[in-house]
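Asker: sharing a sequence plus its predicted fold:
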Amino acid sequence: MAPVEQQVSNPLSTARAAEPRHFDAVILSSFGGPEGQDDVIPFLRNVTRGRGIPDERLEEVATHYRANGGVSPINAQNRALRDALETELRDRGVDVPLLWANRNWDPYVADVLTECNDRGYRDLLVLATSAFSGYSSCRQYREDYGMGLEELGLADTLHVEKVRPYFDEVGFLTPSVEGLRDALAKLRERTAEGPLEVLFTTHSVPDTDAYASGSERIEFEENSAYVAQHLAASRWIVDQLGDAMDGVNWQLVYQSRSGPPQIPWLEPDICDVIETLPESGVQGVAVVPVGFVSDHMEVIWDLDTEAKDAAAEAGIEFERVATAGTHPAFVGALADAIEQRLGTETAPPRVSACGQGTWFDNCPADCCTKILRGQTEPRPTVAQTPLDQPIAVAMDEQGEVIYR
Ligand SMILES: CC1=C(CCC(=O)O)c2cc3nc(cc4[nH]c(cc5[nH]c(cc1n2)c(C)c5CCC(=O)O)c(CCC(=O)O)c4C)C(CCC(=O)O)=C3C
Ligand SMILES: [Fe+2]
């Protein structure tokens, strides 16, 4: 568990909180995935529209889905998460409908916005299945809704906000702590006293995305909110394990790179690292997909197939830790975050287990900006704090919030 002094909200977390308000509905918002062989190519075209992903990469990724019957596990996982969260909210007496929408597959964001409008839901709270700051993980969700509203002519009718990135929630990190403890115990049984390695893994992104993540007004480790948050989450998980980490090295690695080879993405790649582990005598590797919330295709293919094969090739033992999925601690943390936005009487304080304070409810306008090819300005976006408004960037030693 987090140290006791972290169990209360701090001034930075409070300064970054939006005023609690009424929402007519919560929309669990995700990536989406194909549900059969015929969906695979249309889905991949949706994902890569205007992104310059080479055709060979698309064909390669298609084979991952094809091998699984053309079905991504992600939709079933999101249905399960929606059901679990719906039950949790009902058990808490929080009366708010929970809908589900995707960026790249049915049910699409625009269709769900239309449905909300038809049902008279005007104030909507988006909850993304992504825990970290970053263009793909946070801002793009705000753009999905900004563009959807504009397309439908509903920008003045519907009001959309988004739940903050929740990478620093105890409830999000707990499943990884439990899973890593089990994985290390299993590896110990199979490797006697030899050194072990823990690889925390997340989606690689182009360097330009990584260094644009967060706001330029805030300083981050490695100059990247995306990298800094993953490092903080990984360190916190390691700290919780205590003695179980004796003789165990850890590092943050990246997976699922795409895009043309001449464009730099975050490194090192997980499989490249696994290859070199025998050189330092490592006998077993535990892989923690800290960057993902469910065991979707990028987890079961890139880790359970490719990384596992790389470990076998290197002659070392392999364990992959489960993602948060529908773990009760995670579902509870998501329900807490919703209650905080609604301002219910039972809403717990905002607690950042591994950051200086929780992230912004409404991201600064300069957060994770990305101008896509053929554009001259950022796309329409919801749920942000205008540029001319100061933001809470840090907290000094006296606990005073610094604005910039
Ligand atoms: C940061 C990040 C997350 C984590 C945050 C989050 O969870 O949102 C994530 C999640 C996911 N990515 C997924 C799938 C894909 N991502 C692709 C492409 C890309 N991802 C990127 C980044 C991320 N992606 C980027 C910078 C690209 C390049 C093109 C672009 O800028 O858009 C491509 C195109 C082909 C390829 O190049 O691989 C596919 C098929 C699935 C679904 C898995 C399933 O079906 O179970 C999920 C959950
Ligand atoms: Fe992706």
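Answerer: Looks like it arrived, so ask away. Ligands and ions are numbered 1, 2, ... in the order given.
Asker: against E319, how distant is the residue found closest to G281 once you drop the neighbours it is linked to in the chain?
Answerer: Ranked by CB to CB, 6 or more residues apart in numbering and with sequence neighbours excluded, the top spatial neighbour of G281 is P195, at 5.6 Å. Placement of C-beta: from N, CA and C, glycine included. Applying CB to CB, to the nearest Å, the value for P195 to E319 is 15 Å.
Asker: ok, those two, which is more surrounded?
Answerer: Set P195 next to E319 and count neighbours by other CB atoms under 10 Å: E319 wins out with 22 against 14.
Asker: A strand includes the more buried one, no?
Answerer: Yes. Under DSSP: H, G, I helix; E, B strand; the rest coil, E319 sits within a strand.
Asker: before we move on, what SS does the nearest residue to it once chain neighbours are set aside have?
Answerer: Nearest residue to E319 in three dimensions, chain neighbours excluded: A183, at 3.8 Å (CB to CB, 6+ apart). Under the three-state scheme (three-state DSSP), A183 adopts helix.
Asker: residues touching A183, list them.
Answerer: A183 is in contact with 286, 288, 319-321, counting by CB atoms under 8 Å, 6 or more residues apart in numbering.
Asker: run a quick check on the residue nearest to G281 versus M245, I expect a contact.
Answerer: No. The pair P195 / M245 is not scored as a contact, 11.5 Å apart, by CB atoms under 8 Å.
Asker: any low-confidence regions in this structure?
Answerer: The model of the chain has pLDDT under 70 over residues 1-7.
Asker: quick check: residues of the stretch 201-350 of the chain near ligand 1?
Answerer: Counting by CB under 6 Å from any ligand atom, the positions of the stretch 201-350 of the chain adjacent to ligand 1 are 203, 205, 256, 258-259, 291-292, 296-298.
Asker: run the last query once more with 8 Å
Answerer: 202-206, 209, 226, 256-259, 265, 291-294, 296-300 (CB under 8 Å from any ligand atom).
Asker: count the residues that sit near the residue of the stretch 151-300 of the chain found nearest ligand 1.
Answerer: Per CB to the nearest ligand atom, S258 is where the stretch 151-300 of the chain lies closest to ligand 1, at 2.6 Å. Residues near S258, counting by other CB under 10 Å, number 20.
Asker: do the same with L124
Answerer: With other CB under 10 Å as criterion, L124 counts 25.
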